[in-house]
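S.K.: Take a look and give me a structure for this.
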Amino acid sequence: MKDDIKIAGHGGQGVVLAGSLIANAAMDQGLETCGMVSYGAEMRGGTANATVIISDKPIGSPVVVNPTTALILNEPSLKKFEESLVPGGIIIINTSECKKKVSRTDLEVVLIPATEIASELGNKKATNMVMIGAYIKKRGIIDIQVAIKTLKRVLGKKPELVEINQKALIKGAEQCM
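M.R.: Residues are numbered from 1 along each chain as shown. Model prediction:
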């Protein structure tokens with residue numbers, strides 16, 4: 001088993017945190033994992049993406065050129081990364097911020113109004129967690145309970161954010177039922 005993941009959005013959408021949570025939850029399950037992040041010129045508002053590899057075998061390089069899964073948080077990210085996915089890959093799109101349709105017919109498309117859901121929960125910044133919840137349910141690699149437990153550690157310096165992010169993870173997973 002191996003999943004090469006691309007998480008993309010703009011700065012301030014929690015792309016780095018999303019990658020960190022996925023990688024740490026996979027590690028907590030005993031899987032191999034590694035990742036990298038990339039920012040545009042500005043951190044908040046500029047482009048940002050993270051890559052995470054999860055595998056049950058040792059990983060030779062953290063570089064993801066052709067992801068098997070993409071979590072797309074905004075429209076510029078869809079335009080930039082849609083073509084790089086492997087045929088048969090999964091693309092999870094935040095439809096609250098991405099109105100463009102996927103042009104490829106060889107991808108499995110999951111549409112989630114993640115920003116709307118996060119806003120309904122009380123914090124639009126939990127959009128990333130809604131997307132991760134959908135990813136967890138769709139791929140079935142990471143256990144949602146492990147991710148919730150890992151979230152407490154990843155948000156260690158911000159315990160006040162744990163509850164809303166847990167709710168967002170669960171709500172995102174419910175979208176893929």
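
S.K.: Now A8: phi and psi?
M.R.: phi -140, psi 140 (degrees, to the nearest 10).

S.K.: same check, this time on A147
M.R.: phi -60, psi -40.

S.K.: And the helices in the chain, which stretches?
M.R.: 15-28, 75-81, 114-121, 127-139, 144-154, 162-174 (DSSP state H).

S.K.: could you dump the ones you listed to TSV with mean pLDDT and distance to L107?
M.R.: Backbone N, C-alpha and C define where each C-beta goes, glycine included. Shown next, in TSV, are these (pLDDT from 0 to 100; distance: least, Cβ to Cβ, whole Å):
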stretch	mean pLDDT	distance to L107
helix 15-28	95	20
helix 75-81	93	11
helix 114-121	96	18
helix 127-139	97	13
helix 144-154	94	24
helix 162-174	95	19
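
S.K.: Point out the most buried one among those.
M.R.: helix 127-139 (a mean of 27; mean count of other Cβ atoms under 10 Å).

S.K.: what distance separates that helix from the middle of the whole chain?
M.R.: 6 Å (Cα atoms, centre = their mean, to the nearest Å).

S.K.: What of stretch 115-126?
M.R.: The chain centroid and the centroid of stretch 115-126 are separated by 15 Å under Cα atoms, centre = their mean.

S.K.: just to revisit the earlier point, ok, which of the helices of the chain comes nearest G88?
M.R.: Smallest distance to G88 across the helices of the chain (Cβ to Cβ): 13.2 Å, for helix 127-139.
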